[in-house]
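S.K.: just the structure for this:
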Amino acid sequence: MADPDGSRTEWLHAAADVLRALNAEESPATLLRRVARHTCTLTGADSCAVMLLDETGQRLVVRASHGLTEAYRHDLDTLRPLLVHPTGRAFDVPAAQAVRERRTVVLSDVAGLGGPWRDAADREGIRTILAVPLETGDECPGVLIGYSRRAHRFAGSEIALAELMAEYVATVLRTSQVKDVQRATIAELEKTNTELTTAVASLHHERAQREWAEAQDRRLVRLLLDDAGLDGVLAALGEALAARVVLEAADGSVLAQAGDGPALDVADAAAPVPDTATLLDLPGARAWVLPLAVAHETVARLWVLRAADAGSDAPPLARSVIERFAPLVALELHKRDHAVDTALRLTRDLAVDLVTGAGRDVDLRDRARALGHDLSRPHTVVLVAGDSAAALRRALGQGALVGEDTGSTVALVPDADRDVVVAALHRIGAAAVIGRVVVDTADYPAAWRVLRTAVALARSGVVDIEDLGVATLLLETGTPDGLRRLADRRLGRLEAHDAQRSTELVATLRAWLDAGGSTGAAGRALHVHPHTVGYRLRRVAELTGLDPQRADDVFELRVAVMVRAVQDAAAGGS
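M.R.: Residues are numbered from 1 along each chain as shown. Down below sits the predicted model:
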């Protein structure tokens, strides 16, 4: 190609500027705009554009320009695809012809354009077009186009300069492709190096994990041989995982725990848990949870909790270690439960034998001593209606001897504070009687017989036998014949009236006396109107000859009702 005839100074300046930008690794788009600007200067064109083939290799798209309006660039991109091989001559343009024929094309007047391109050129004010193909070896990836707003006959030197700048564009494209390949190669090498580094680190990590897991296996063997017990096993697991370990019973209570970490929230623990070790996100904590089964029955759940922000230094193989510890935890739990069940059975048998008078004094004391109980301490005898042994043990604590005797539950509470016992029994919600304090083993049967009679007086709620007054004396000594005759004389006609007419005179009298003589309170207890209570009391007066408004008569009625209640209680307990 011949040297251009134009100004060598401008050409050298343009070439040096492009070369500097190329060496400075300027982006291809910026380089192409720089070439377009220099092309305008060297050829006298008013504007210039660089068009490249898209990924299909069939359509030209503007990639850089200088001097073109945004409106014209928009027209080039949207009016109709600039196809290298258009469907008709009317849609052919110099840019497509230059690429297709691999030669420079000059259109001296845009009147020769067809389709929408002529109107677009007229709006831009274009009169003459110069299109130079961008040849890179065997390929032609695009075209360099110069536009003139006046009728312009491009001189040979100007065309030569345009072709020289096209070679620079081709150089830019080739360099960009080479750099893309280099970057891709470097990225692939870096990726391979990273993968190798990661693989080596992973091998070291896996080896450290195996060694750590083997150390935990050795620890498990030592725990088993040393008979560390449930607390020892949980403490070892908590230390191994730097976490809090909680053993939760089926009812949600905590059986045991060890280690440091966030506490287990009961509401979180109530969530359903799968049959395998599962990692859960809880408020402020991450927790592994694993059900523990004995004889195919789930008996507890094992929780391992760490703070939510402590995950970066989590011990390796946490799940594997938990699953390895789980059978030993289940075994120790089973051993402890078996020991507890045995102790409960022996405690229950001792409590029943004490109150029923079975066994010799020396044998009873020896059995109590073996269970950690000292019968020389004063014990308060308590009766709870029904089978309430489990609830009674929880309410009174492990220090009480608890057993069941013919439909009632007995508790022998050492050194009891009666107010504390009353509060505990109220939490159970069953009818209960607190008896007297016993020291001598020979006195337990008599105290128990009194309670079995007195529970009928309690009816519901908690009664302290010390609050029953004269009734306590009657329960302990029995009712003399004179008092029995008094009750028959004063209550006999009322009881007969109730039986014959299905009335409730005796019950009303008892409720009125229990209410301290208040008809309103008695009516609320009986769920009737106070006037009804008043009417029934008048009938009581008519049938007994005793006036409920006179203190002496009220005393006699109260004694009669108390004696009858003791008689009924004794009859029910016999």
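S.K.: and residue 415, backbone torsions?
M.R.: With angles defined as degrees, to the nearest 10, residue 415 sits at phi 50, psi 50.
S.K.: can you check the pLDDT for it?
M.R.: Looking at residue 415, its pLDDT stands at 83.
S.K.: tell me how many other residues crowd it.
M.R.: Other residues lying near residue 415 total 11 when counted by other CB atoms under 10 Å. Where C-beta positions appear, they are placed from N, C-alpha and C, glycine not excepted.
S.K.: okay, and the helix or strand of the protein with the least pLDDT?
M.R.: Every helix and strand in the chain was compared by mean pLDDT, DSSP states H and E; the lowest is helix 470-477, with a mean of 47.
S.K.: burial measure for residue 386, as a count.
M.R.: Neighbourhood size, residue 386 [other CB under 10 Å]: 14.
S.K.: what bridges to the residue most central in space within the chain?
M.R.: Computing the C-alpha centroid of the chain and ranking residues by CA atoms, centre = their mean puts residue 282 first, at 3.7 Å. Applying DSSP bridges to residue 282 gives these bridge partners: residue 285.
S.K.: I figured it was touching residue 263, is that so?
M.R.: No: using CB atoms under 8 Å, residue 282 makes no contact with residue 263, being 10.4 Å away.
S.K.: hey, what's in contact with both of these two?
M.R.: In terms of CB atoms under 8 Å, 6 or more residues apart in numbering, residue 282 and residue 263 are both contacted by the residues residue 305.
S.K.: next one: phi and psi at residue 142?
M.R.: According to degrees, to the nearest 10, residue 142 has phi 180, psi -160.
S.K.: and what of residue 139?
M.R.: Per degrees, to the nearest 10, the backbone of residue 139 is at phi -120, psi 160.
S.K.: for it, give its distance to residue 373.
M.R.: 102 Å (CB to CB, to the nearest Å).
S.K.: more crowded one of those two?
M.R.: Set side by side, residue 139 and residue 373 show more neighbours around residue 373, with 20 against 13, by other CB under 10 Å.
S.K.: who touches the residue lying closest to the more buried one once chain neighbours are set aside in this structure?
M.R.: In space, and not counting its chain neighbours, residue 373 is closest to residue 401: 6.3 Å by CB to CB, 6 or more residues apart in numbering. Neighbour list for residue 401: 347, 350-351, 354, 368, 373, 379, 411-412 [criterion: CB under 8 Å, 6+ apart].
S.K.: change it to 10 Å
M.R.: Applying CB atoms under 10 Å, 6 or more residues apart in numbering, we find residue 401 in contact with 346-352, 354-355, 368, 371, 373, 375, 379, 393, 410-414.
S.K.: ok, residue 10 next?
M.R.: 4, 38, 41-42, 161.
S.K.: mind putting those residues into CSV with neighbour count, distance to residue 18 and pLDDT?
M.R.: Putting these into CSV (neighbours: other CB atoms under 10 Å; distance: CB to CB, whole Å; pLDDT from 0 to 100) gives the following:
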residue, neighbour count, distance to residue 18, pLDDT
4, 22, 15, 44
38, 21, 7, 87
41, 18, 12, 86
42, 25, 11, 85
161, 28, 13, 82
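S.K.: for those residues, which one is nearest residue 508?
M.R.: Nearest to residue 508, judged by CB to CB, of the contacts of residue 10 is residue 38 at 119.6 Å.
S.K.: three-state assignment of residue 131?
M.R.: strand (DSSP: H, G, I helix; E, B strand; the rest coil).
S.K.: I'd say it and residue 82 touch.
M.R.: No: with contact defined as CB atoms under 10 Å, residue 131 does not reach residue 82; the gap is 11.3 Å.
S.K.: shared neighbours of those two, anything?
M.R.: Contacts common to residue 131 and residue 82, judged by CB under 10 Å, 6+ apart, are 51, 93, 95-96, 99, 143.
S.K.: out of the residues you listed, list just those in strands.
M.R.: Residues of these located in strands (DSSP state E): 51, 143.
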